[in-house]
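*Asks:* Fold the following.
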Amino acid sequence: MAVYKIFPEKDATLYSAYPTMNTGRDEILEIANLQPENSNVPEDVRRTLIKFSEGDINEVITNDIPTDLVASESYSASLRLFIADATSIPTDYNIEAYPVWIGVNAKTYEMGTGKFLDSPQTTNGVSWVYRIKSGSEQWTLDPDELPSGVALDYGTTPGGGNWYINNSVYDNIFTNQRFFYNDDQDINIDVTDSIKAFYTASLSSPSNIVEGGIINDGFILKLPSTVEFSDAYMGLKFFSVDTHTIYPPCLELKWNDTVYSTGSLSTISQTPFVITFKSNQPKYTQGSTQRFRLNVRPQFPTRTFQTSSVYLNNHYLPQESFYAIKDLDTGEFIINFDNTCTKISADSTSSYFDVFMNGLQPERYYKVCIKTTIDGSTVILSEGLTFKVSL
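*Replies:* Next up, the predicted model:
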């Protein structure tokens with residue numbers, strides 16, 4: 001019943017056509033092959049780098065996910081980027097994601113302060129050729145200098161990053177997402193095994209990485225090798241961490257710690273019914289964790305003989321009930337219904353769920369939606385609690 005969002009500490013796009021250009025502060029990230037028809041012009045392949053803080057990841061896994069779920073590795077992680085524009089995309093394509101390899105005791109890449117086609121060009125951070133800045137710390141270009149399980153791939157312009165393709169413990173550190181014609185073009189790639197490998201490495205010393213561990217230098221996202229450096233012209237643009245919208249990239253950590261012990265409460269078994277929120281506040285602080293309790297009752301209660309109002313009789317929602325959170329202005333799901341990780345809990349007081357406010361953009365309004373199944377009918381309620389997140 002938990003979804004925790006972490007936002008990137010840095011990101012940038014690598015451009016083969018501009019091999020020393022840094023774009024660490026650009027509002028857009030790109031994944032593309034924009035090879036021009038004129039063969040005299042250099043190839044134009046674009047790859048995205050994105051990194052999430054090791055401290056943020058470790059804090060969630062150590063302090064927020066229940067210990068038994070961490071021990072059994074019963075949690076998942078998804079890398080999410082939101083589409084800004086698309087050019088000449090085919091009806092069927094793949095985006096690949098790999099953990100970045102830098103090397104033990106090597107300095108990780110610098111984000112830099114550049115934007116696309118700055119004039120003069122900014123070169124003070126990561127680029128197609130260099131990890132640190134122009135003239136400093138090239139990406140490894142010789143396959144013989146790479147350890148087993150690490151790859152490189154470039155056309156006529158040496159560079160473009162290095163990345164892990166397999167791991168001794170975790171089978172799925174290479175992941176991809178396939179898109180079809182009518183699909184949403186947002187990226188939502190399962191990176192669970194990579195995050196587990198990052199966490200494993202964080203528990204050891206840099207000079208003695210535990211088997212299966214991968215030092216967290218983030219991810220590289222790219223088109224498949226069969227598409228890059230080919231005539232398959234296509235381009236995708238996504239919002240970066242520097243966007244001034246509600247769509248920055250994020251890492252979603254999810255787990256299911258649902259509790260369902262209702263005591264003497266009765267389940268709601270008839271429609272229509274009414275849900276209100278107990279002691280809800282109009283504003284919550286970003287970074288806080290809030291428990292939302294639900295008062296549930298039939299809209300037209302069965303008449304009974306009792307000394308208190310029948311409208312005070314609280315019920316709980318069926319076990320297969322879920323919550324979602326929408327941005328009030330755009331109608332976009334910030335946290336969508338998930339059959340495992342947005343399940344609503346219940347105890348002897350009421351149905352409830354917890355929300356980590358760190359994953360919601362500040363100074364915006366949100367709406368809570370509830371989905372449940374009663375008497376064979378699926379009901380979605382989107383009227384009710386709205387709240388604001390503040391700094």
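*Asks:* C-terminal to the least confident helix or strand in the chain by mean pLDDT, what's the next element?
*Replies:* Lowest mean confidence among the helices and strands of the chain (mean pLDDT, DSSP states H and E): strand 266-267, at a mean of 82. Sequence-wise, the next helix or strand downstream of strand 266-267 (DSSP states H and E) is strand 273-278.
*Asks:* Which residues are in contact with the closest residue to Ile95 other than its chain neighbours?
*Replies:* Excluding its sequence neighbours, the residue lying closest to Ile95 (CB to CB, 6 or more residues apart in numbering) is Gln177, at 5.2 Å. All C-beta atoms are positioned from the backbone trio N, CA, C, and that covers glycine. Neighbour list for Gln177: 94-95, 97, 187-189 [criterion: CB atoms under 8 Å, 6 or more residues apart in numbering].
*Asks:* which among those residues gets closest to Thr342?
*Replies:* Within the contacts of Gln177, the smallest distance to Thr342 is 15.0 Å, found for Asn188 (CB to CB).
*Asks:* Quick check: the closest one touching Arg80?
*Replies:* Yes: between Asn188 and Arg80 there is a contact at 5.3 Å, judged by CB atoms under 8 Å.
*Asks:* of those two, who's got more company?
*Replies:* Arg80 (17 against 13; other CB atoms under 10 Å).
*Asks:* Just the pLDDT at that one, thanks.
*Replies:* Per-residue confidence at Arg80 stands at 97 (pLDDT).
*Asks:* That one is in what secondary structure piece?
*Replies:* With DSSP H and E as the test, Arg80 turns up in strand 76-81.
*Asks:* what's next to that strand, contact-wise?
*Replies:* With CB under 8 Å, 6+ apart, strand 76-81 has contacts from 29, 48, 50, 97, 186-192, 194-195, 219, 221, 238-239, 249-255, 341.
*Asks:* Among those, name the buried ones.
*Replies:* Neighbour-count burial (16 or more other CB atoms under 10 Å) applied to the contacts of strand 76-81 gives 29, 48, 50, 97, 187, 189-192, 194-195, 219, 221, 238-239, 249-255, 341.
*Asks:* Give me the subset of those residues lying in strands.
*Replies:* 29, 48, 50, 97, 187, 189-190, 219, 221, 238-239, 250-255 (DSSP state E).
*Asks:* Roughly how far does the residue nearest in space to the middle of the chain sit from Asn33?
*Replies:* Taking CA atoms, centre = their mean, the centroid of the chain lies closest to Leu251, which sits 2.9 Å from it. Leu251 sits 26 Å away from Asn33, going by CB to CB, to the nearest Å.
*Asks:* just Leu223 next, same as before
*Replies:* Leu223 sits 6 Å away from Asn33, taking CB to CB as the criterion.
*Asks:* Name the residues contacting each of these two.
*Replies:* Joint contacts of Leu223 and Asn33 (CB under 8 Å, 6+ apart) are 45, 234.
*Asks:* residue ranges for the strands of the stretch 201-350 of the chain, please.
*Replies:* Assigned by DSSP state E, counting those that start in this stretch, the stretch 201-350 of the chain shows strands spanning 219-222, 234-239, 250-255, 266-267, 273-278, 283-285, 289-298, 315-316, 321-327, 333-335, 345-346.
*Asks:* how far is the last one from where the chain is centred?
*Replies:* With CA atoms, centre = their mean, to the nearest Å as the basis, the distance from the averaged C-alpha position of strand 345-346 to the chain average is 25 Å.
*Asks:* related to what we said a few turns ago, is it true that the residue nearest to the centre of the chain touches Val3?
*Replies:* No: look at Leu251 against Val3 with CB under 8 Å: they stay out of range, at 11.1 Å.
*Asks:* Do you have the helices of this protein handy? List them.
*Replies:* Remark: helices assigned in the chain by DSSP state H are 54-59, 67-71, 192-202.
*Asks:* Please name every helix or strand in contact with the longest one.
*Replies:* By that I understand helix 192-202. helix 54-59, strand 76-81, strand 92-99 (3 or more CB pairs under 8 Å, 6 or more residues apart in numbering; DSSP states H and E).
*Asks:* From the chain's centroid, how far away is that helix?
*Replies:* 15 Å.
*Asks:* how far off strand 250-255 does it point, in degrees?
*Replies:* Counting by axes from the mean of the first three to the mean of the last three CA atoms, to 10 degrees, helix 192-202 points 90 degrees away from the direction of strand 250-255.
*Asks:* Residues contacting helix 192-202, please?
*Replies:* For helix 192-202, contacts defined as CB under 8 Å, 6+ apart pick out 54, 57-58, 61, 73, 75-78, 97, 99, 167, 169-173, 175, 209-210, 212-216, 219, 251, 253.
*Asks:* Against Asn188, how distant is Ser168?
*Replies:* 27 Å.
*Asks:* Ser288: how many residues sit nearby?
*Replies:* Ser288 has 11 nearby residues by other CB under 10 Å.
*Asks:* Does Gln270 touch Asp375 like I think?
*Replies:* Yes: applying CB under 8 Å as the test, Gln270 and Asp375 come out as touching, 7.1 Å apart.
*Asks:* And those two? Which one has more around it.
*Replies:* The residue with more neighbours, out of Gln270 and Asp375, is Gln270; 13 against 9, by other CB under 10 Å.
*Asks:* Spatially, what comes nearest to that one if we skip its sequence neighbours?
*Replies:* Pro298 is the one closest to Gln270 (CB to CB, 6+ apart), at 5.4 Å.
*Asks:* wait, what's in contact with the nearest residue to Glu54 once chain neighbours are set aside?
*Replies:* Nearest non-adjacent residue to Glu54, counting by CB to CB, 6+ apart: Asn216, 4.6 Å away. By CB under 8 Å, 6+ apart, Asn216 lies in contact with 51-52, 54, 57, 99, 198, 201-202.
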